[in-house]
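Q: Okay, sequence plus prediction incoming.
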Amino acid sequence: MLVLGIETSCDETGVALYDTEAGLLAHQLHTQMAMHARYGGVVPELASRDHIRRAIPLMEACLAEAGRTLKDLDAVAYTRGPGLGGALLVGASVANALAFGLGIPVVGVHHLEGHLLSPLLADPKPDFPFVALLVSGGHTQLMAVHGIGQYEILGETLDDAAGEAFDKTAKLLGLPYPGGPMLSRLAEEGDPQRFTLPRPMLHADSLDMSFSGLKTAVLTLVTQTQATLGEIDETTRKDICRAFQEAIVEVLVTKSLKALRQTGMKRLVVAGGVGANKQLRAGLDTAAARRGLEVFYPPLSLCTDNGAMIAYAGAMRLSQRSPAGSFGVAPRWDLTTLPRP
Amino acid sequence: MGGDDNSVVDGYLKDEQATLALGATVARHLPSGGVIYLLGDLGAGKTTFTRGLLNGLGHIGRVKSPTYTLVETYTPTPVLTLHHFDLYRFGDPMEWEDAGFRDYFGPDTLCIVEWPEKAAGALPPADLTLQLTVEGTGRHYCLTAGTPTGTACLRTISTPPAVG
């Protein structure tokens, strides 16, 4: 079954072709990284009309990349929610028009289901059940995944997402865009012993997390250091970056292990942009190896929002005869209310 | 809280608890809808204030940063919808129109907007504007009324309740 996937929930347009026999055939994404860097900040281009401009050319590029035509499609999957209403409607309209015109099924996919199934596009892929750590600029959640459509939220951030904490702290430290990855690079050269930042809720029984206090703690640390040292020199900046990253990584590793312990599961799946962080990967890999647990990551190119995960999740739902969706969007949509296929 | 002027209330918040309490105070004196702008740097406590306000209105549960989702919606009471916007990621005020956010405003709707300057000219005017400034380990706050509704709200905040 050949499925076209369309993702337009926020500010990236992603289109992909997934074949249930041959795997991922094509994957196209419109990002504005170069433009962002030029303006020194994020230029989201949230405009629904930007998705309108990108969707069809990206779809044509996918078909060309895979050497297929529209007639080869067996189904269309799109992100039904959660996300911005106007942006979601573009994907929903394109997907439904295509499916109607071609006389094939259309399925609306939950954006987070796409993310947490994305590691299944890797080789080797994890078997069910597993604990998923979804950690990105917009989300920080731990979930128990028993099978397709069987998701249980174990814990999540009460305020800022981990990736958001990275980006905002980078901005506080005066780092140029994109701040998060650069903060991580500086942290690698920092001294982990010099400063210690708080780890909120680290020892709480719950699997919930909180990262907004870290931003304030960094702000206070910068002010105090400026008061004693004058200017923040390069070494000090690296040491602050390191202290920040140590705090985030320790919270994520500790909570992930706690989730595995509580559920008795042996596999951890990491999805989302922050899953690319080297220190986080090293921390998780080391901790898991020591306990005989396995950790899986999606291919790097599928960590951020993309159409491949939507095509894949749609294919899984259709192949398990889940009722196909009707035309609609769900800007606010609770993942745990999804039906089993 | 000082000043005789009914259109400005200001003071000092020594910690996060004080910021939450200010949110709860504003919640008690709010009209049934309106627009509040929140100004202040990263880490100044804008989302913390919103959490205090929502808790003051009776919302129990999470109040997540809307930075990436741009808007989080709550129904703290059966008759009130609250939209919490964060325009930090906007690059151009036109994005306000393009995202369709104009449709979020209406009667019985309270809109709280962080980083309103990112959509300057496109936003409806604020009834109240809260400016938070980092001062040592605490924050200085300044509430300003922008409409008669806002002035009436500030008057009830700055006037101690009558005894008896």
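A: Here it is on my side, so go on.
Q: Test my guess that A:Gly81 contacts A:Val329.
A: Yes - at 5.6 Å, A:Gly81 and A:Val329 qualify as touching, with contact defined as Cβ atoms under 8 Å. Backbone N, C-alpha and C define where each C-beta goes, glycine included.
Q: what is in contact with the two at once?
A: Residues touching both A:Gly81 and A:Val329 (Cβ atoms under 8 Å, 6 or more residues apart in numbering or on different chains): A:88, A:108.
Q: Those two: who's more crowded?
A: A count of neighbours by other Cβ atoms under 10 Å in any protein chain shown puts A:Val329 above the other of A:Gly81 and A:Val329, at 24 against 21.
Q: quick one: secondary structure of the more buried one?
A: Three-state assignment for A:Val329 (DSSP: H, G, I helix; E, B strand; the rest coil): coil.
Q: separation between it and A:Arg194?
A: When distance is defined by Cβ to Cβ, to the nearest Å, A:Val329 is 49 Å away from A:Arg194.
Q: and what of B:Ile36?
A: In terms of Cβ to Cβ, B:Ile36 sits 40 Å off from A:Arg194.
Q: Ok, A:Pro105 next?
A: Relative to A:Arg194, and taking Cβ to Cβ, A:Pro105 is found at 58 Å.
Q: what does A:Gln141 give?
A: Distance from A:Gln141 to A:Arg194, by Cβ to Cβ: 32 Å.
Q: who's more crowded, those two?
A: A:Gln141 (25 against 13).
Q: Would you verify that that one is located in a helix?
A: No - secondary structure of A:Gln141 (three-state DSSP): strand, not part of a helix.
Q: Could I get the pLDDT score of it?
A: In this model, A:Gln141 is scored at 95, pLDDT.
Q: Let me know the secondary structure of the closest residue to it other than its chain neighbours.
A: With sequence-adjacent residues excluded and distances taken as Cβ to Cβ, 6 or more residues apart in numbering or on different chains, A:Gln141 is closest to A:Glu156, at 4.2 Å. Under three-state DSSP, the three-state class of A:Glu156 is strand.
Q: ok, how many other residues are close to A:Gln245?
A: If we define neighbours as other Cβ under 10 Å, then A:Gln245 has 25 of them.
Q: which residues sit in contact with the residue nearest to it when sequence neighbours are not counted?
A: Counting by Cβ to Cβ, 6+ apart, A:Gln245 lies nearest to A:Ala187, which is 4.0 Å off, once chain neighbours are set aside. Contact analysis of A:Ala187 by Cβ under 8 Å, 6+ apart lists A:238, A:241-242, A:244-246, A:279.
Q: now do B:Pro107
A: B:Pro107 sits in contact with B:32-33, where contact means Cβ under 8 Å, 6+ apart.
Q: Show me which residues of the stretch 101-250 of chain A are close to chain B?
A: Within the stretch 101-250 of chain A, the positions lying close to chain B (Cβ under 8 Å from any Cβ of the partner chain) are A:137-139, A:156-161, A:164, A:168, A:171-172, A:212-213, A:215-216, A:218-220, A:223.
Q: Give me the buried subset of those.
A: A:137-139, A:156-161, A:164, A:168, A:171-172, A:212-213, A:215-216, A:218-219 (16 or more other Cβ atoms under 10 Å in any protein chain shown).
Q: Among those residues, which ones are in strands?
A: A:Glu156 (DSSP state E).
Q: The host helix or strand of A:Val15 pairs with which strands?
A: In this structure, A:Val15 sits in strand A:13-19 according to DSSP states H and E. Using DSSP bridges, the strands paired with strand A:13-19 are strand A:2-7 (antiparallel), strand A:23-30 (antiparallel).
Q: Just give the number of residues close to A:Ile6.
A: 30.
Q: quick one: it from B:Gly40, how far?
A: 38 Å.
Q: A:Arg242 too?
A: 28 Å.
Q: neighbour-wise, which of the two wins?
A: A:Arg242 (24 against 19).
Q: And the more buried one, which helix or strand is it part of?
A: helix A:234-263.
Q: Just give me how far that helix sits from the chain centre.
A: A distance of 18 Å separates the centroid of the chain from that of helix A:234-263, by Cα atoms, centre = their mean, to the nearest Å.
Q: got it, and stretch B:95-111?
A: Worked out by Cα atoms, centre = their mean, stretch B:95-111 lies 15 Å from the chain centre.
Q: now stretch A:292-307
A: Offset of stretch A:292-307 from its chain centre (Cα atoms, centre = their mean): 9 Å.
Q: What's the end-to-end length of it?
A: One end of stretch A:292-307 to the other measures 33 Å (Cα to Cα, to the nearest Å).
Q: Can you confirm whether that stretch lies near chain B?
A: No - legend: contact between stretch A:292-307 and chain B by Cβ under 8 Å from any Cβ is lacking; minimum distance shown is 10.7 Å.
Q: What number of residues are in the vicinity of A:Asp72?
A: 15.
Q: near chain A, which residues of chain B show up?
A: With Cβ under 8 Å from any Cβ as the criterion, chain B comes near chain A at residues B:16, B:42-43, B:45, B:47-48, B:51, B:62-65, B:67-71, B:73, B:89-92, B:94-95, B:98-100, B:134, B:137.
Q: and the gap between the residue nearest the centre of chain B and chain A?
A: Residue closest to the average C-alpha location in chain B (Cα atoms, centre = their mean): B:Ile36, at 4.2 Å. According to Cβ to the nearest Cβ, to the nearest Å, B:Ile36 stands 19 Å off from chain A.
Q: helix/strand/coil for B:Ile112?
A: Strictly by three-state DSSP, B:Ile112 counts as strand.
Q: With B:His83 instead?
A: Under three-state DSSP, B:His83 comes out as strand.
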